[in-house]
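> okay, sequence plus prediction incoming.
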Amino acid sequence: MSNTFLIILFALIGGGLFLSFLRLIIGGKATDRAVALDTTTLITTGFLVLVAFLQGRAMLLDVALVYSVLSFLGVLAIARYLDGGLK
Amino acid sequence: MSFTSIMAHGLTGLGALVLFASGLGVFRMPDVFNKMHAGTKATTLGSILFLTGIGFFEPSWIPKLLLIVLFIVLTNPVSSHALARAAHNEPSEKPDNLIIDDLENSKGGER
Amino acid sequence: MRKAPAVVSTSVVLLGIWLSLTLSTDIQEISIGVVVSLIISISTHGALTGNLFTLLRPKKFLAAAEYVLFFLGQMVKANIDVFFRIFRPVIPIRPGIVKAKLRLKSERAKAIVANSITLTPGTITIDIIDDEIFVHWVFLPGGDVHEQTQSMVDSFAVRLEKIFE
């Protein structure tokens, strides 16, 4: 992987991460933030896999997997809360 | 350049571009449901392309990458579905730019 | 033992997940995986995957393969659609929620249809109430909206009916 290509990858993923995180901060309504959180965590998963590849550490793949599992559960919990709790 | 190298560069580049598009979409779209369009579709395909590309770079990681991809494809629509329902059920969260809203009409009978 | 095929297929899937997580051929790792996946699949009555052995019939296998290919094609189209929508100076939207009939019986098939619709061009599923599915369009199609939505839902439902009968 050449350096230029690496910079392009980091710029694209970092840019997406930055924009969705900006939406998470400035928000709008609560559900807007929840959607932004969902997107942010998924882009972060991709970012983690890229870092794992660069450092050659397969351990970070497990981190990415557990991170995506936990983010899924977190978003579901937020959705249930916004929906008025368990009925 | 060999075939695997071309595939690896192409897929990771395309995947990163689609992930960027999803971030931009979530930032730019005006209301919850339209944000969801960008946030769900683009992140799913972006992750698939990007992780497959990394798989071409590092063939010994393929089983684990496949597991992450499978998990993302199965769970991403579910979380967006849960959020969409929450957004529609809560009157203060619901966007007011809907041209047709059949769900509101059929809910009216139940309440 | 009516549930035996479902239990066996669930444990096979779980064992596959375990093997791709550990990536080891050590006999101890594999036997732990077999024991744990059997315990989980017996205690959940195989509810995770259901009976996958029906997919071994060539006709159903072909139907499933066709569904996956159709779905992947739709997903690529959806992303091209989202992509060209986002980079416009003014995003063209004309949102609306439209209902359609869903004639599938199996709950699993309904879930698959809802998830597929979420990942295909211009539509996400909001809710399913009994046999009605509510779809959000980012840009309502011209002409009769209900008819278009119905044909879009049916294009998935017909293909899935071949798999689930």
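Looks like it came in fine.

> count of neighbours near residue C:64?
16 (other CB atoms under 10 Å in any protein chain shown). In short, each C-beta sits where N, CA and C put it, glycine included.

> settle this for me: it is touching residue C:55, isn't it.
Yes. Using CB atoms under 8 Å, residue C:64 is in contact with residue C:55, at 5.8 Å.

> any common contacting residues for the two?
Taking CB atoms under 8 Å, 6 or more residues apart in numbering or on different chains as the contact rule, residue C:64 and residue C:55 both touch residue C:163.

> now the chain, which segments are flagged as low pLDDT?
No chain in the question, so chain A it is. A:1, A:85-87 (pLDDT under 70).

> other chain: chain C
C:1, C:165.

> could you list the residues of it in contact with chain A?
Proximity of chain C to chain A is confined to residue C:21 under the rule CB under 8 Å from any CB of the partner chain.

> next structured bit after the longest helix along chain C?
The longest helix of chain C (DSSP state H) is helix C:58-86. The helix or strand immediately downstream of helix C:58-86 is strand C:96-101, counting by DSSP states H and E.

> contacts for that next one, please.
B:88, B:98-104, B:106, C:126, C:131-137, C:140, C:145-146, C:149-150, C:152-153.

> does the residue most central in space within chain C count as helix, strand or coil?
Geometric centre of chain C, nearest residue: residue C:112, 3.0 Å, by CA atoms, centre = their mean. Three-state secondary structure (criterion: DSSP: H, G, I helix; E, B strand; the rest coil) places residue C:112 in helix.

> now do it against chain B, distance only.
According to CB to the nearest CB, to the nearest Å, residue C:112 and chain B sit 10 Å apart.

> pretty sure that residue sits against residue C:159.
No. Look at residue C:112 against residue C:159 with CB under 8 Å: they stay out of range, at 10.1 Å.

> what about residue B:91, neighbour count?
Other residues near residue B:91 come to 7 when the count uses other CB under 10 Å.

> just to be sure, it is in a strand?
No. Residue B:91 is assigned coil when assessed by three-state DSSP, not a strand.

> ok, the longest helix of chain C near chain B or not?
Yes. If you take CB under 8 Å from any CB as the test, helix C:58-86 does meet chain B, through C:75, C:76, C:78, C:79, C:82, C:83, C:85, C:86.

> can you select the buried ones among the contacts of strand C:96-101 for me in ChimeraX?
Listed next is the ChimeraX selection for buried residues among the contacts of strand C:96-101, using 16 or more other CB atoms under 10 Å in any protein chain shown:
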select /B:88,98,100,101,102,103 /C:126,133,134,135,136,137,140,145,149,150,152,153
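
> now, which of the contacts of strand C:96-101 lie within helices?
Taking DSSP H as the definition of helices, those contribute B:88, B:102, B:103, B:104, B:106, C:145, C:146, C:149, C:150, C:152, C:153.

> could you verify my assumption that the fifth one touches residue C:129?
Yes. If you go by CB under 8 Å, residue B:106 and residue C:129 touch, sitting 6.9 Å apart.

> what parts of chain C come near chain B?
Going by CB under 8 Å from any CB, the residues of chain C near chain B are C:17, C:19-21, C:23, C:75-76, C:78-79, C:82-83, C:85-87, C:91, C:93-99, C:114-115, C:118-119, C:122, C:124-127, C:129, C:132, C:134, C:136, C:138, C:140, C:145.

> now those: which count as buried?
C:19, C:21, C:75, C:78-79, C:82-83, C:85-86, C:91, C:93, C:95-99, C:114-115, C:118-119, C:122, C:124-127, C:134, C:136, C:138, C:140, C:145.

> for residue C:142, grab the count of nearby residues.
8.

> which residues of chain B fall in helices?
Counting by DSSP H, the helices of chain B are B:3-28, B:32-37, B:43-57, B:62-89, B:102-110.

> and the fourth one, what does it pack against?
With contacts defined as 3 or more CB pairs under 8 Å, 6 or more residues apart in numbering or on different chains; DSSP states H and E, helix B:62-89 has these neighbours: helix A:30-55, helix A:59-82, helix B:32-37, helix B:43-57, helix C:4-22, helix C:107-118, strand C:123-129.

> buried stuff in it?
So, applying 16+ other CB under 10 Å, buried residues of helix B:62-89: B:62-65, B:67-69, B:71-73, B:75-89.

> give me the residue from chain A nearest chain B.
residue A:16 (2.9 Å; CB to the nearest CB).

> many thanks, have a good one.
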